[in-house]
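Engineer: Predicted structure and sequence below. I'll ask about it afterward.
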Number of protein chains: 2
Amino acid sequence: MAASELLPGTLDMLILDTLQRGSLHGYGIARQIQRRSEEALRVEEGSLYPALQRILLNGWVTAEWKLSETKRRARYYRLTAAGRKQLGIEVSAYERMVAAIARVL
Amino acid sequence: MAASELLPGTLDMLILDTLQRGSLHGYGIARQIQRRSEEALRVEEGSLYPALQRILLNGWVTAEWKLSETKRRARYYRLTAAGRKQLGIEVSAYERMVAAIARVL
DNA sequence: GCTTGACACATAGATAAACTATGCATAGAC
DNA sequence: GTCTATGCATAGTTTATCTATGTGTCAAGC
């Protein structure tokens, strides 16, 4: 663990949450998470793209190739109803954990 | 992830924190974490004992065989100075992560 | 024209953490 | 005697994240 850029087990939640604010491509998702966390969280590409595949296979998002604002081909992900539900599940499980850890420490 | 009993990456911290309150055997550590978290966290034996080996190898605790209160042989772990330092590192890294995630969500 | 840096995707392979399942053994209660 | 709680440990599996690598585009600066 130690030097991780992310709290393990929270990446899917962060991605789904980001997509809740509007559909976006992978690179943009990573940038947003980094920006909104004020540079504290950093999503490596080798974590991001496998996570997006996972999430896509689970039906939590749909994907569509488009052109980005910078005119490059990019895959835009959009949250599905199932994804929105999953986000709720993950957020509440996460908050339950954090509260439990706070009681312990 | 999903049905995990623990927030991944936090087990060592929870163990070290428990030992900060006094030396204790593995089984007792697991029970204390569960109790202090009000049953929200559950440490599986297959996670606990490998974690204790890890922590021992890192020099964060020392181990000693004794008899438990129930008269059974039990391995008591005691936090070292290095372990106390490591606990501080892990807690602050954890809190930094939780704060960052809170900004994102 | 060439290079550099930001943008954009993806996968292979390594590492590590946590889980399931299993085994051993003792004490106390019933 | 058998069940439950106490106690330790490892083997094997699964899963998440990371490092490293590869492809390719676009814009800016030289």
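Structural biologist: All right, it came through fine.
Engineer: where are the low-confidence patches of chain A?
Structural biologist: Counting by pLDDT under 70, chain A has low-confidence residues at A:1-4.
Engineer: what about the strands in it?
Structural biologist: A:24-25, A:61-67, A:73-79 (DSSP state E).
Engineer: and among those strands, the most buried is which?
Structural biologist: Mean neighbour counts were compared across these using mean count of other C-beta atoms under 10 Å in any protein chain shown; the top stretch is strand A:24-25, at a mean of 21. In this view, the C-beta of every residue, glycine as well, is placed from N, C-alpha and C.
Engineer: just checking, what packs against it?
Structural biologist: Counting by 3 or more C-beta pairs under 8 Å, 6 or more residues apart in numbering or on different chains; DSSP states H and E, the packing neighbours recorded for strand A:24-25 are strand A:73-79.
Engineer: relative orientation of the strand it packs on and strand A:61-67 in degrees?
Structural biologist: 150 degrees (axes from the mean of the first three to the mean of the last three C-alpha atoms, to 10 degrees).
Engineer: right, is strand A:73-79 up against chain B?
Structural biologist: No: Strand A:73-79 stays clear of chain B (C-beta under 8 Å from any C-beta of the partner chain), getting no nearer than 14.6 Å.
Engineer: Who are the packing partners of that strand?
Structural biologist: Partner elements for strand A:73-79 (3+ C-beta pairs under 8 Å, 6+ apart): helix A:11-20, strand A:24-25, helix A:26-36, helix A:45-57, strand A:61-67.
Engineer: would you turn those into CSV with distance to B:Q34?
Structural biologist: Below are these laid out as CSV (distance: least, C-beta to C-beta, whole Å):
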stretch, distance to B:Q34
helix A:11-20, 24
strand A:24-25, 40
helix A:26-36, 32
helix A:45-57, 30
strand A:61-67, 36
